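Student: 3D, please:
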Amino acid sequence: MPDTSPGRKMAFAAFVRKALDDARATRAWSGSEVSRRTGVSRQTINRWVRADWASDPAAERVVAFCTGLGLNPTVAFGVLGWDSTTPGRPTPAAPPMDPDVEALLRRLVDPNVPDAEKFHIRETIRYLAYRPLPPSGRYRRGKAV
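Tutor: This is a model prediction of the structure:
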């Protein structure tokens, strides 16, 4: 039977809060964006943050939340006190980060960079991330072949 102590709930709430804070600071994701990217509803995430749940979170939701944020789910399982002795699928190593992207991320968390500049960086990144892709296929002199 899993541990239902308030301390365990508070520890998981702190884990989720830190994950959300990191997503806001490094990726400029809102709560809605985290929900969209992880597939976990905002209501569920809010319940986790408030430690307001009667039964344990569903394992697949915890995995989806962690995977969507690039976190190792075994950390969340450890916080929840779940048995993690079963060998899981190895987490793939993060691909090397482009130096320009790394420089932008450093600027976004630098307290000396003005908020207006951070705003413009985030807006540019959002534009580039969500703009429509060009039609697939090869091009020759501006026309698809």
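Student: Every contact and neighbour count from this point should use C-alpha atoms.
Tutor: Fine.
Student: What score does Thr85 have for pLDDT?
Tutor: pLDDT, Thr85: 53.
Student: any idea how far the residue minimising distance to the centre of the chain is from Pro132?
Tutor: In the chain, the residue lying closest to the centroid (C-alpha atoms, centre = their mean) is Leu69, at 2.2 Å. From Leu69 across to Pro132, the span is 23 Å (C-alpha to C-alpha, to the nearest Å).
Student: And the residue nearest to the centre of the chain, how far from Pro114?
Tutor: 26 Å.
Student: swap in Ala11?
Tutor: Distance from Ala11 to Pro114, by C-alpha to C-alpha: 34 Å.
Student: Can you pick out the residue with more neighbours from those two?
Tutor: Neighbours were counted for Ala11 and for Pro114 using other C-alpha atoms under 10 Å; Ala11 has more, 16 against 11.
Student: so what pLDDT did the more buried one get?
Tutor: So Ala11 comes in at 88 (pLDDT).
Student: Now the top helix by length along the chain: buried residues?
Tutor: Assignment by DSSP state H gives helix 6-27 as the longest helix of the chain. For helix 6-27, a neighbour-count test (16 or more other C-alpha atoms under 10 Å) marks 9-17, 19-21, 23, 27 as buried.
Student: what's that helix in contact with?
Tutor: 29-31, 34, 45, 48-51, 69, 76, 79-81, 105, 108-109 (C-alpha atoms under 8 Å, 6 or more residues apart in numbering).
Student: what's near enough to touch Ser62?
Tutor: To be clear, residue 62 is Val; Ser isn't right here. So Val62 contacts Pro73, Ala76 (C-alpha under 8 Å, 6+ apart).
Student: okay, it: pLDDT?
Tutor: 93.
Student: Got phi/psi on it?
Tutor: phi -60, psi -40 (degrees, to the nearest 10).
Student: before we move on, back to that, residues contacting the residue nearest to the centre of the chain?
Tutor: Leu69 touches Ala19, Ala23, Val34, Arg37, Thr38, counting by C-alpha under 8 Å, 6+ apart.
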